[in-house]
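Engineer: give the three-dimensional model of this entry:
(one chain, ligands or ions: 1)
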Amino acid sequence: MAIDNEIILKGRLDGNQRNRLVRLLDMLYTPGELAHEIGFEVRQVYRVYIPLGCPHEKDSTGRLWINGAEFRDWVKDLYQKRSLGPDEAFCLSCKKTIKMISPEKYQKGRLSYYISNCPFCGRKLARIITKSKRIDDQP
Ligand SMILES: [Zn+2]
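Structural biologist: This is a model prediction of the structure:
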């Protein structure tokens with residue numbers, strides 16, 4: 001499954017939302033409750049987090065439940081600044097660090113990122129370049 005990089009960027013939590021992650025308990029939330037706790041749109045759960053592999057379960061009526069603590073760990077992990085080498089990215093399918101092969105650099109607003117494909121599973125990988133590590137291409 002390829003990741004749409006636009007989706008990754010949309011799901012990034014801002015500072016206030018990240019601070020609210022501590023409120024989440026080790027219990028099941030509906031997407032609506034989760035969205036309310038953190039302060040994002042419910043549709044973000046369905047359009048962003050579930051496609052990206054957010055841990056969840058479905059009950060017999062098809063209703064979706066997300067464990068708060070698992071969501072916190074998962075979302076932190078997804079957007080965390082990892083201690084990666086300059087040519088590395090983390091593959092969520094393989095659950096391991098891989099060396100990026102001919103990554104392409106992109107810029108969206110103030111955000112820079114690399115796109116590369118996992119050499120093992122072919123998944124599209126996005127690596128956000130943090131400001132401190134950002135290479136300024138401007139003369
Ligand atoms: Zn992979």
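Engineer: how close does the nearest residue to Cys94 once chain neighbours are set aside sit to Pro55?
Structural biologist: Distance criterion C-beta to C-beta, 6 or more residues apart in numbering; nearest residue to Cys94, sequence neighbours excluded, is Phe120 at 5.2 Å. (C-beta placed from N, C-alpha, C; glycine too.) According to C-beta to C-beta, to the nearest Å, Phe120 stands 22 Å off from Pro55.
Engineer: is the residue nearest to Cys94 in contact with Cys91, as I believe?
Structural biologist: Yes. If you go by C-beta atoms under 8 Å, Phe120 and Cys91 touch, sitting 7.0 Å apart.
Engineer: any common contacting residues for these two?
Structural biologist: Overlap of the contact sets of Phe120 and Cys91 (by C-beta atoms under 8 Å, 6 or more residues apart in numbering) consists of Ile98.
Engineer: ok, the two, which is more surrounded?
Structural biologist: Neighbour totals were compared for Phe120 and Cys91, and Cys91 leads with 19 against 11 (other C-beta atoms under 10 Å).
Engineer: contact partners for the more buried one?
Structural biologist: Cys91 neighbours (C-beta under 8 Å, 6+ apart): 97-98, 118, 120-121, 123, 125.
Engineer: out of those, who's nearest Gly39?
Structural biologist: Closest approach to Gly39 among the contacts of Cys91 (C-beta to C-beta): Leu125, at 28.0 Å.
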